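Visitor: Quick one, fold the following:
(2 chains)
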2 protein chains.
Amino acid sequence: MKNNFQCSCNNFFAPLLVLCLSLSTAVQADEGMWTFDNFPAKTVGTKYGFTPSQAWLNHIRSASLRIAGGCSASFISPQGLVMTNHHCVVECVEQLSTAHRNLVDNGFMAKTAADERKCPAFELDQLIEIRDVTGEVQGALAGKTGDAANKALFAKRAELEQSCGSDPTVRCDLVTLYHGGVYDLYRYKRYNDVRLVFAPEFAVAQFGGDPDNFNFPRYDFDIGLLRAYESDKPVATADYLEWSDNGSQDGDLVFVSGNPGGTARELTVSQLAFLRDIVLPSSLPEISEYRGQLEQFVTRGAEQAREANQDLFFTENDFKGGLGRHQALLDPQFFAQKQQEEQKLRSATAADAKLAAYVSAWDEIAQVQRQRAQLFTRHSTLSNFSFQSRLLGAAITLVRAAAERRKPNRERLPEYTDQSLVAVQQELSAAVPIYKDLEELNLAFLFTVTQRDLGADDPFVHKLLGNESPQQLARRLVSGTQLDDPKIRELLYNGGQSALSASRDPMIRFAVSVNDELLEVRKGYEAKVDAPTRAAAERIAKARFAVYGTSVDPDATFTARLSYGSVKGFEDAAGKFVPPYTNVGGLFNRANGAPPFRLPESWLRAKGALNLSLPMNLSTTNDIIGGNSGSPLIDRQGKIVGLIFDGNIFSLGGDYGYDTAKNRSVAVDSRALLEGLDKVYHVDRIVSEIMAARH
Amino acid sequence: MKNNFQCSCNNFFAPLLVLCLSLSTAVQADEGMWTFDNFPAKTVGTKYGFTPSQAWLNHIRSASLRIAGGCSASFISPQGLVMTNHHCVVECVEQLSTAHRNLVDNGFMAKTAADERKCPAFELDQLIEIRDVTGEVQGALAGKTGDAANKALFAKRAELEQSCGSDPTVRCDLVTLYHGGVYDLYRYKRYNDVRLVFAPEFAVAQFGGDPDNFNFPRYDFDIGLLRAYESDKPVATADYLEWSDNGSQDGDLVFVSGNPGGTARELTVSQLAFLRDIVLPSSLPEISEYRGQLEQFVTRGAEQAREANQDLFFTENDFKGGLGRHQALLDPQFFAQKQQEEQKLRSATAADAKLAAYVSAWDEIAQVQRQRAQLFTRHSTLSNFSFQSRLLGAAITLVRAAAERRKPNRERLPEYTDQSLVAVQQELSAAVPIYKDLEELNLAFLFTVTQRDLGADDPFVHKLLGNESPQQLARRLVSGTQLDDPKIRELLYNGGQSALSASRDPMIRFAVSVNDELLEVRKGYEAKVDAPTRAAAERIAKARFAVYGTSVDPDATFTARLSYGSVKGFEDAAGKFVPPYTNVGGLFNRANGAPPFRLPESWLRAKGALNLSLPMNLSTTNDIIGGNSGSPLIDRQGKIVGLIFDGNIFSLGGDYGYDTAKNRSVAVDSRALLEGLDKVYHVDRIVSEIMAARH
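Guide: The predicted structure follows:
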C-alpha cells in the first residue's frame, strides 16, 4: 500500500529550511537506510536498471566497516588499508600529537609501513552475520513491565551476545530494529590494532569549518587512512573495495554503505513533540554555552587550541545538527504531515479487528511522555556525569565495573557484560593524553549545569558540592586525581573492589559518593520511560507491518545499512539550482587565507601540478545521517567513486523524514582524493597500493 | 464584561513551570501594570478597602524615578537621596573601579557628602506630566503605509518631543500604548548628575547568583543608593517616599511604582508563535554561547573577572528570563488559552457591524509574520552591530549622528533628533572605562555569528570580512582604534561630517563601510514589518476597547506604572507552600562559603549584632516585569516597606500573561535594609537622613 503525501511546500515559517518531506511509509524515491538482509534490490533494478545480487551485497557488506567511536569506513586494499574521513580519525591524530608536534594542524604521513602508528583507542567492526532473534527476545519480554522487563532484556542480551564465545576478536551485538518490532544478533569481526597511515592537515580536511558545515557547494579533503593489523601484521582482507577508474557522472546510480547512527522517523507525534518542546529547547542552549566556553578556551594559547580544537569542532557540529532538527520539528507543515501520517496508521489499525491489541499503543506512549517530563531534567543532567569528563567517566566506569563484575553475567548492566568489558578494558588502559585544564573546564561546566538544573536546594546538589562551588570542586578533583595515568586506571581495574575501596584518589571517592544516585535515577527512567515505550513501540511496529507490509526500512541504529541514490544537484533555499559537482579549482577560489578558509602550504605549493577541473566534492540523493561519515560512495560495480563526509543543510531534518527534492549527501570525489594523495602529498606507497588493488 | 477563563492546570509537559494564567481581558485578581492616569483606584478600594486618591497617586508618581539604562528607583529623602537595586547601579560601580580598587567586590560607601562619586553615564527621569496625543499621531499616520507611515511617525514624534523646548533637564517622550491604540506625550524632569552613595558587596547583593535568580525563598541585599545633583548641589525634592516604621505583614495591600520594561500580552497568536518558533529558538542558544565565552573569559584572571563579571551576570539573567518565556509559550495549555482568548475577541468583533473595519487585522498580522520570517535573521543579526561592542556602537553612533544632524529635525532617525542627541552626546563623552580584551571578544563573536547566520557566501559577509577571519578583523579594529578615549569621541562628534571623513581610525572606517547596509536592512524591516504591524495592532486595540471597554492596562513600555497586590506566599512546582517572608538568619544558614553562596566579611563580622528574626526578602502578588528592578514597594500610606529586585520562577511567563496563583514579585524587606545599613555598614549619615525624612 502506497501512501504518498503530496507536499505543497508553502510552509508558514522556516526562513532557512523549507522542509518538504516525503513521509510515506512505503518506499519513496531514494529513501531508506536498508539493512543488508532486507535490501530492496528489485526496486533499485526497476528504477535504475541494476539489481544488486546477493553476492554483490555480501561483498559490499564484508568490505564495509564500522568505527566503534561513531563512524563508518571500508577496506580499500587486500592489505587491510582502511578509508574513512579525517574527522573520524582526528581524535587519534590528536592523541598521537604532542605540544611540540601538532599532527592535527600539520597532517600525518607514514612514509613506510613501519611508520604507521597505532591509534591508542580504536575499534573497527566488520559485520559477518545477521541472525533473527525476534522470537527469543520478545518471548523473554512477554508479560513483563517496568524494571522486570528491563532485567529480562538485559539478561537475554547478555546471553545472546555471550553465545558468540569469548574470543575478543569477535563481537556480537543484539540489535533492536523497528523499535522492538525485530531483534537481530549481529556478529562482527573486531579489529583493535588500528594504525594511522595518513591524515591531511585539518585546514583542508575541514576547509570552510563551521560556516560551510552541512552546506554545499563544498571543497573538503576530508579523508583519513588507517590500516588494520593482527598479530602485528597488516590484515589480509578478502573483501575490499576497488577504486573506480572513471568516477561518477551526474545521474549515476550510487550506493552508500555505512552505519547511520540514529533516526527518529518511527517516533509517535507525542514523542516528536517532546523532542521539539522539551529536549531540544533545553539541550541546544546548553551545547551552545559549552561551545562558547571552548571558543574562549582555545584562544588562550596554541597548546589550549591543540587540546580543545577537536572538541570544539564536534560541539559545533552537534549544535548545527540539533538546530536543524529543531527547525524541522518547528516547521508547522512538517509537523502536520507527521500527525496526518500517524492518524492514517491509527485509523487503519482501528479499522482492522485483528489489530485491536495495538490500538491503544499511541496513547500509551503519549502517557509515558507525561511521566518522562517529570523525570527528564534529572535524568538527562545525571546522565552527563559519565560523559562530560574523561576523568570522571573513567572513575565511574571503574566503580561500576568493580561492582558489576561480581555479579553473574546475565544480571549486569549491559555495558559491563563479559562481552562489553572487552571494550571497557581497552579504553581504560589506552594511553590517550588527558588535558587537566580542559578536564577542569568540563567538570566545572557539569557541576554548574547540575546545580542550575536541579536547583541549589536539591539534596543531591548539596551532597555533590557540599561547601564548594562548582569551580572549586572541579579544581580539587582534577588536580588531585591520578586517573590521567593509564597505568593507575589499569591497576584499579585489575584490583577490583578491594583496590577501589582502598583508593584515596579524590575522583574515585567522588564517583563512589554519587554512583548510587546516578544509577537509581537511570533505573527509574528505564523502568518508567524506556520499558513502557518499548512495549508500546513494539505493538506499533506490528501494526505498521500488518498495514504496510515489511518492505520498510527501520530507523537507523548505528548498524550496517545500504542506501541507494544518484548523483544529483538541488535547489537552494533561494530557489537557485546547485549543480552536483564542485571542482578542485573552486577550492583555490574559495580560499582567502583566513581561517576557516585558509589552505595549507602543501596545497598552495601543489596548485600548479593539480588538474583544477577535476571534481572535488559531489552531492547525491542517498539517504544518510550522522554515523555515515567515512562511508564509501560506490557505483554499480561496487567501486569507489567517493567518500561520504556530510549532508547538505536540508539533510538536517533527515532524522524525522527524507526530503526527496532537497536532502543530499555530500562526498569527496574519488578523483580529487587520488589527485591529492598523488600530487599534493606524494604518498606513492599508498597510491600504488590503491592502484594495485584494482582488478 | 468579565471573561474569566478557568484554568485547570493539567498541562501536558512543562516539568518545571506549570503556568496557569488568567488571560482575562478585564481586571483579574491583582493583574495589571497601570498607567498613573488610568489607575483602577475603585477596584482596589473594593478589594482592599483603600482607594488611592488623586493626590496620593500624584505623590507616588513624582517620588518615583526611571533609570534610563533600564531600571526603576525612587526619591527617599528631601535631599535627593535615591534608592534602587545594586544591580541597577553595578555598571556605575564597575566604572568607578580600577584594577587596584574593585568596588564591585568590596562595595562602596561615601563617608561624607564630598565622597559621593558621579556615575559617568547615568540619567534619572522623573515623570511630571502625561498628555494624550492620540488624535494627533493617528491623524498623521492615517492612510499611510510602509516607509511613508514610518516617516510620518518619526516626524510627528520629533515635532511633539521638541515641543517641550530645548532645556536639557526636560525630556519629552512619545509613548505608544496598546500597540498604537493610544499615544501619550510623557514629560520628564531629567537628572544627569547622579552620584553613587552606597553599594554593598556584590556577593551579598546578588547572594545565590544565577542558581537563586528568579527563585524564592531568597536572601539578597540588593540595594544601591544614589543622589541626584543639580548645579553641584543635592537636589531638593518635594516628593519623596518615607520609610515605614513597621514594614509589612502577610496579606497587606502593597503597591509597586516603577517602569516595567515590556510585556507582550496583547500580541496576536501569530506573533506569539513567531516568538516561540523563530525568535527564541535562535536567540537563546546565541545568548548561551556568549555566556559560555564570558564564563571562560572571567576565569583568566582577577582583572578579566572584574571587567566581565557584570556582563556575565546580565547575560545569565537574560538567558534565564528568555528560557522562562520560551517554556511558557511551549506550554500547550497556555498557548491554547491565548488562542481561545484571541478567538473570543475576533468573534465579538465579527459579530458587531460597527467593528467591521477591524475584522481583518489579525490575518494581516499573521501575513506580516511570513514577511518577517524572510527578513528576521538578517535584521536581527545586523541590529547587533550597534549593541554588541561599545567601540563599534560608538563608531556607528558617530557616523550616523554626523549624517543625521545635517537633516532637519523632523527627517532624522528617532534616536538622532535634537531631543535624543542630549543623551547621545552625554554617552559619547562619558569617561567610562572600555576594556579592549573584552571588546575583542565581543566583536569576534559578532562577526562569527554574522558569518554563521548570513552564510560565508553572503555579499555583505564578504565585504565585512574580506580576507580576514572574524577574530582577525576584531583584533585589527580593536587594537587600532582610539575610540576608547572619550576625548577622541567628543572631538569626532563635535567635528561632524568633515572630522569623520578625515578620520583614519579603523573602527570609524569600518562603521562607515557597513552603515549603509545596516540602515537599509533596518529601514526595510521597519517598512515591511513594523509599519503594517502597527497599523493592524491599532485596529485590534480599537476592537478591544469597543468590546471590553478601556479599563484594561496596556502592555508595558518602560514607562511609569503602578501595580497593586498583597504580601503573599505561593505553592512551588512540587506543591509545597512557600511562605512570603524569609529572615536574616536564613541568609546565614544558606551561606556555605563558596560562590555564589559566600557572604562578605562585613556580614559575617556583624552577625552577632543583627536581629536574625527580621524579615529579609518577601514575595507579593504585584504584577511586575523586568525594568521594575529598583521599584519601591509601598504600603497604603505610601511608605516604603520593601525594594523590588526580582520575580519568582513563575513570573517568567509574565510577559504573556499574569498567573494569579503563582506569579510573585520578590523584594528586599525594608526592615532588613535598615538593619543592614545600620549594623553591617554603619552608614549613620544615610540612616539618619532616611530616619529624619519621616514625618
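
Visitor: Contacts only, for the residue in the stretch 501-650 of chain A positioned nearest to chain B.
Guide: Checking the stretch 501-650 of chain A residue by residue against chain B with C-beta to the nearest C-beta singles out A:Ala594 as nearest, at 4.0 Å. Yep, even glycine has a C-beta here, placed from its N, CA and C like the rest. The contact partners of A:Ala594, taken as C-beta atoms under 8 Å, 6 or more residues apart in numbering or on different chains, are B:Leu465, B:Asn467, B:Glu468, B:Ser469, B:Gln472.

Visitor: Which per-residue confidence value corresponds to the third one?
Guide: B:Glu468 carries a pLDDT score of 97 in this model.

Visitor: neighbours of it, just the number please.
Guide: Here the neighbour count serves as a burial measure; for B:Glu468 (other C-beta atoms under 10 Å in any protein chain shown) it reads 18.

Visitor: Phi, psi for the closest residue to it other than its chain neighbours please.
Guide: Nearest residue to B:Glu468 in three dimensions, chain neighbours excluded: A:Ala594, at 5.1 Å (C-beta to C-beta, 6 or more residues apart in numbering or on different chains). Backbone torsions of A:Ala594, given as degrees, to the nearest 10, read phi -110, psi 140.

Visitor: Kindly indicate the member of the contacts of A:Ala594 with the most neighbours.
Guide: If you rank the contacts of A:Ala594 by neighbour count (other C-beta under 10 Å), B:Ser469 sits at the top with 21 neighbours.

Visitor: ok, it to chain A distance?
Guide: According to C-beta to the nearest C-beta, to the nearest Å, B:Ser469 and chain A sit 4 Å apart.

Visitor: That residue reaches A:Gly593, doesn't it?
Guide: No. Taking C-beta atoms under 8 Å as the definition, B:Ser469 is not a contact partner of A:Gly593, at 9.1 Å.

Visitor: CA atoms only: put stretch A:170-187 into PDB for me.
Guide: In PDB, the C-alpha atoms belonging to stretch A:170-187 read as follows (Å, rounded to 0.1, in the frame of the first residue of the first chain):
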ATOM      1  CA  VAL A 170      34.600 -11.500  17.800                       C
ATOM      2  CA  ARG A 171      31.800  -9.100  18.900                       C
ATOM      3  CA  CYS A 172      28.100  -9.900  18.900                       C
ATOM      4  CA  ASP A 173      25.500  -7.100  19.400                       C
ATOM      5  CA  LEU A 174      21.800  -7.500  20.000                       C
ATOM      6  CA  VAL A 175      20.300  -5.100  17.500                       C
ATOM      7  CA  THR A 176      16.800  -3.600  18.000                       C
ATOM      8  CA  LEU A 177      15.100  -2.700  14.800                       C
ATOM      9  CA  TYR A 178      11.700  -1.000  14.300                       C
ATOM     10  CA  HIS A 179      11.900   0.000  18.000                       C
ATOM     11  CA  GLY A 180      11.300  -3.600  19.100                       C
ATOM     12  CA  GLY A 181       9.500  -5.000  16.000                       C
ATOM     13  CA  VAL A 182      12.500  -7.000  15.100                       C
ATOM     14  CA  TYR A 183      15.600  -8.100  17.100                       C
ATOM     15  CA  ASP A 184      18.700  -9.300  15.300                       C
ATOM     16  CA  LEU A 185      22.000 -10.700  16.600                       C
ATOM     17  CA  TYR A 186      24.900  -9.000  14.600                       C
ATOM     18  CA  ARG A 187      28.200 -10.900  14.600                       C
END
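
Visitor: For that stretch, give the mean pLDDT please.
Guide: 96.

Visitor: Can you get me a residue count around A:Ser283?
Guide: Applying other C-beta under 10 Å, I find that A:Ser283 has 17 neighbouring residues.

Visitor: give the contact list for it.
Guide: With contact taken as C-beta under 8 Å, 6+ apart, A:Ser283 is in contact with A:Gly322, A:Ser380.

Visitor: now with 10 Å?
Guide: With contact taken as C-beta atoms under 10 Å, 6 or more residues apart in numbering or on different chains, A:Ser283 is in contact with A:Leu275, A:Asp318, A:Phe319, A:Gly322, A:His326, A:Ser380, B:Pro285.

Visitor: do the same with A:Gly321
Guide: A:Gly321 is in contact with A:Asn213, A:Phe214, A:Ile287, A:Ile625, A:Gly626, A:Gly647, A:Ser651, A:Leu652, A:Gly654, A:Asp655, counting by C-beta under 10 Å, 6+ apart.

Visitor: for the residues you listed, which one is nearest chain B?
Guide: Taking the contacts of A:Gly321 together and measuring to chain B by C-beta to the nearest C-beta, the closest member is A:Ile287, at 7.5 Å.

Visitor: Surely that closest one is in contact with A:His326?
Guide: No. Between A:Ile287 and A:His326 there is no contact under C-beta atoms under 10 Å: 11.3 Å.

Visitor: quick one: common contacting residues for those two?
Guide: A:Leu280, B:Pro285.

Visitor: And the residue of the stretch 51-200 of chain A that's closest to chain B?
Guide: For the stretch 51-200 of chain A and chain B, the shortest gap (C-beta to the nearest C-beta) falls at A:Asp105, measuring 15.4 Å.

Visitor: For burial, what's the neighbour tally of the closest residue to that residue other than its chain neighbours?
Guide: If the residues on either side of it in the chain are set aside, A:Asp105 comes closest to A:Phe202, at 6.0 Å by C-beta to C-beta, 6+ apart. When counting by other C-beta under 10 Å, one arrives at 26 neighbours for A:Phe202.

Visitor: low pLDDT regions in the stretch 401-550 of chain A?
Guide: Along the stretch 401-550 of chain A, the model assigns pLDDT under 70 to no residue.

Visitor: what is the rounded mean pLDDT of the longest helix seen in chain A?
Guide: In chain A, with assignment by DSSP state H, the single longest helix is helix A:302-330. Predicted confidence along helix A:302-330 averages 95 (mean pLDDT).

Visitor: Just the buried positions in that helix, please.
Guide: Buried positions in helix A:302-330, judged by neighbour count with 16 or more other C-beta atoms under 10 Å in any protein chain shown: A:304-330.

Visitor: export the contacts of A:Ser283 to a markdown table and tack on distance to B:Ser270?
Guide: Converted to a markdown table, the contacts of A:Ser283 look like this (distance: C-beta to C-beta, whole Å):
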| residue | distance to B:Ser270 |
| --- | --- |
| A:Leu275 | 24 |
| A:Asp318 | 32 |
| A:Phe319 | 28 |
| A:Gly322 | 26 |
| A:His326 | 20 |
| A:Ser380 | 32 |
| B:Pro285 | 23 |
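
Visitor: just curious, which of the residues you listed is nearest to A:Cys88?
Guide: If you rank those by distance to A:Cys88 using C-beta to C-beta, A:Asp318 comes first, at 15.3 Å.

Visitor: Enumerate every residue touching that closest one.
Guide: Under the criterion of C-beta under 10 Å, 6+ apart, the contact partners of A:Asp318 comprise A:Ser283, A:Leu284, A:Ile287, A:Ser288, A:Tyr290, A:Arg291, A:Gly626.

Visitor: mind exporting the strand or helix carrying the third one as CSV, just the C-alpha atoms?
Guide: Taking DSSP states H and E as the definition, one finds A:Ile287 inside helix A:280-297. The C-alpha coordinates for helix A:280-297 follow below in CSV (Å, rounded to 0.1, in the frame of the first residue of the first chain):
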residue,chain,number,x,y,z
LEU,A,280,15.9,20.5,22.1
PRO,A,281,14.9,23.8,23.8
SER,A,282,17.0,22.7,26.8
SER,A,283,19.8,20.9,25.1
LEU,A,284,20.6,23.4,22.3
PRO,A,285,21.4,26.3,24.7
GLU,A,286,23.5,24.0,26.8
ILE,A,287,25.5,22.8,23.9
SER,A,288,25.9,26.5,22.9
GLU,A,289,27.1,27.5,26.3
TYR,A,290,29.7,24.7,26.2
ARG,A,291,30.7,25.8,22.7
GLY,A,292,31.2,29.3,23.9
GLN,A,293,33.5,28.1,26.7
LEU,A,294,35.6,26.1,24.3
GLU,A,295,35.7,29.0,21.9
GLN,A,296,37.3,31.1,24.6
PHE,A,297,39.5,28.3,25.9
